[in-house]
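1. Build me a model:
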Amino acid sequence: MSSPDASGPVKRVTIRDIAKVAGVHFTTVGLALRGSAQLPEGTRQRIRDIAERLGYRPDPMLAALNVYRRANQPRRYQATLAWINNWPDREALHRNECFQEYFAGAQRRAEKMGYVLEEFWLAEPGMTPERLVGILKARNIEGLLLAPQPAPNMFPALSYENFAVLSFGYSLQPSVFHVVTNHHFHSINLTLSNLFQRGYKRVGFFGEQAWDDKVEHSWVGGMAMARALNPGMMEVPPLLKREPSDRELRQWLKVNRPDVVISYTGASEWFHQLGYKIPEDLGFASLSLAQEISSISGIYQNNVRIGEAAVDFIISMLHSGERGIPRTPTRILVESEWIEGTTLRDQRTRPAAGKRRKSNELSAKV
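-> Residues are numbered from 1 along each chain as shown. Modelled structure (predicted):
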């Protein structure tokens, strides 16, 4: 019996080999293998079948060489990517500083890679899902970035089978597409670790129910796990409401007496309005800091990096020919950074609890 390599190395099947069998130009084969909508689905499938039958496998060395060449050449225009805005008020999405940074990061990375990121507003007068799909096809736009939705459990009614699709976060439900987002569970753990190091024990969580829904309950889940693993952490039930009121917040503070509250950035003003001095009377940590904020302690979710990662992934989908709803969705989780800020203090040097409560009650009028 001869050894496996007795006949010499096996010749690698090339794109030109596939083109010869398929009776098409080699550039057509390249389009088909990338799943380009410039070709009819029947043509793409026929060429893919031929490639599979011939045993075609992409050359990893050639792919690495192409990446190197592209990295060292001026970027020529490649294609346009669509940023899908599903908010009733177009500008409301961009008024959210975190989402604004998603877009900025995605736009910056797209330009670097030779792509253009263009926003399409689903609520634009005269726009329908069918019309938008028609526009995208007519302009050969195949990559869709689904921006965060205005409310949990929303799903834009588009026809997705001819597009590479990536969703920001978990607000789009059912969560059937690839997702890029912050690692929210690690973010709440990072926050709690910094609070425990400062001696905080009565940790409260306050916010709108929709925000915890949008992170698949990672924040409240992280709080529950921390209480189970840290016997010294006091029980403070979270205050999660659809639209929390001043009265509900005041009552929650009075009954539960947290020494620190985790919330979103804008909530710090709410506590000031109730008469609390931060951090003297109450510590505060945000889970949603924007890039330029350094005065508030808490989490910066690396929003710009999330936008960049979204573009990297959608481009890889375009190159690999992946379209439509994936069989197994992928989750890309970007880690956070801790921002020291000035809204926390060292609890180990704080006055006795009875004296502190009296001060709180006088200043907050609760």
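
2. all strands for the stretch 1-150 of the chain, in order.
-> With DSSP state E, counting those that start in this stretch applied, the stretch 1-150 of the chain shows strands at 79-85, 115-121, 143-146, listed in chain order.

3. Equivalent analysis for the stretch 151-300 of the chain, please.
-> Under DSSP E, counting those that start in this stretch, the stretch 151-300 of the chain gives strands at 164-168, 178-182, 203-208, 239-241, 260-263, 283-289, 298-300.

4. Check which residues of the fourth one are buried.
-> It stands for strand 239-241. 239-240 (16 or more other Cβ atoms under 10 Å). For glycine as for every other residue, the C-beta is placed from the backbone atoms N, C-alpha and C.

5. which residues sit against it?
-> 204-209, 212, 220, 248-249, 252 (Cβ atoms under 8 Å, 6 or more residues apart in numbering).

6. ok so, going back, mean neighbour count, the strands of the stretch 1-150 of the chain: which tops it?
-> When the strands of the stretch 1-150 of the chain are scored by mean count of other Cβ atoms under 10 Å, the highest mean neighbour count falls to strand 143-146 (a mean of 24).

7. centre of the chain versus that one, how much separation?
-> Relative to its parent chain, strand 143-146 has a centroid offset of 12 Å by Cα atoms, centre = their mean, to the nearest Å.

8. To what extent is Arg247 buried, counted in neighbours?
-> Number of residues near Arg247 (other Cβ atoms under 10 Å) recorded here: 8.

9. show me the contacts for it.
-> Per Cβ under 8 Å, 6+ apart, neighbours of Arg247: none.

10. repeat for Arg48
-> Arg48 neighbours (Cβ under 8 Å, 6+ apart): 32-33, 321.

11. try it again with 7 Å
-> 32-33 (Cβ atoms under 7 Å, 6 or more residues apart in numbering).

12. Which stretches in the chain count as helices?
-> 15-22, 26-33, 41-54, 60-71, 90-95, 97-112, 129-138, 184-197, 209-214, 218-229, 246-256, 267-273, 303-320, 353-364 (DSSP state H).

13. among those helices, which is nearest Ala123?
-> helix 90-95 (7.0 Å; Cβ to Cβ).

14. what pLDDT, on average, does the closest one get?
-> Model confidence over helix 90-95, given as mean pLDDT, is 92.

15. chain center to it, what's the gap?
-> 17 Å.

16. Using CSV, write out the CA atom coordinates for that helix.
-> The C-alpha coordinates for helix 90-95 follow below in CSV (Å, rounded to 0.1, in the frame of the first residue of the first chain):
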residue,chain,number,x,y,z
ARG,A,90,-35.8,60.1,14.5
GLU,A,91,-33.6,62.3,16.8
ALA,A,92,-34.6,60.5,20.0
LEU,A,93,-32.3,57.7,19.2
HIS,A,94,-29.3,60.1,18.9
ARG,A,95,-30.2,62.0,22.0
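
17. What helices and strands are in contact with that helix?
-> helix 97-112 (3 or more Cβ pairs under 7 Å, 6 or more residues apart in numbering; DSSP states H and E).
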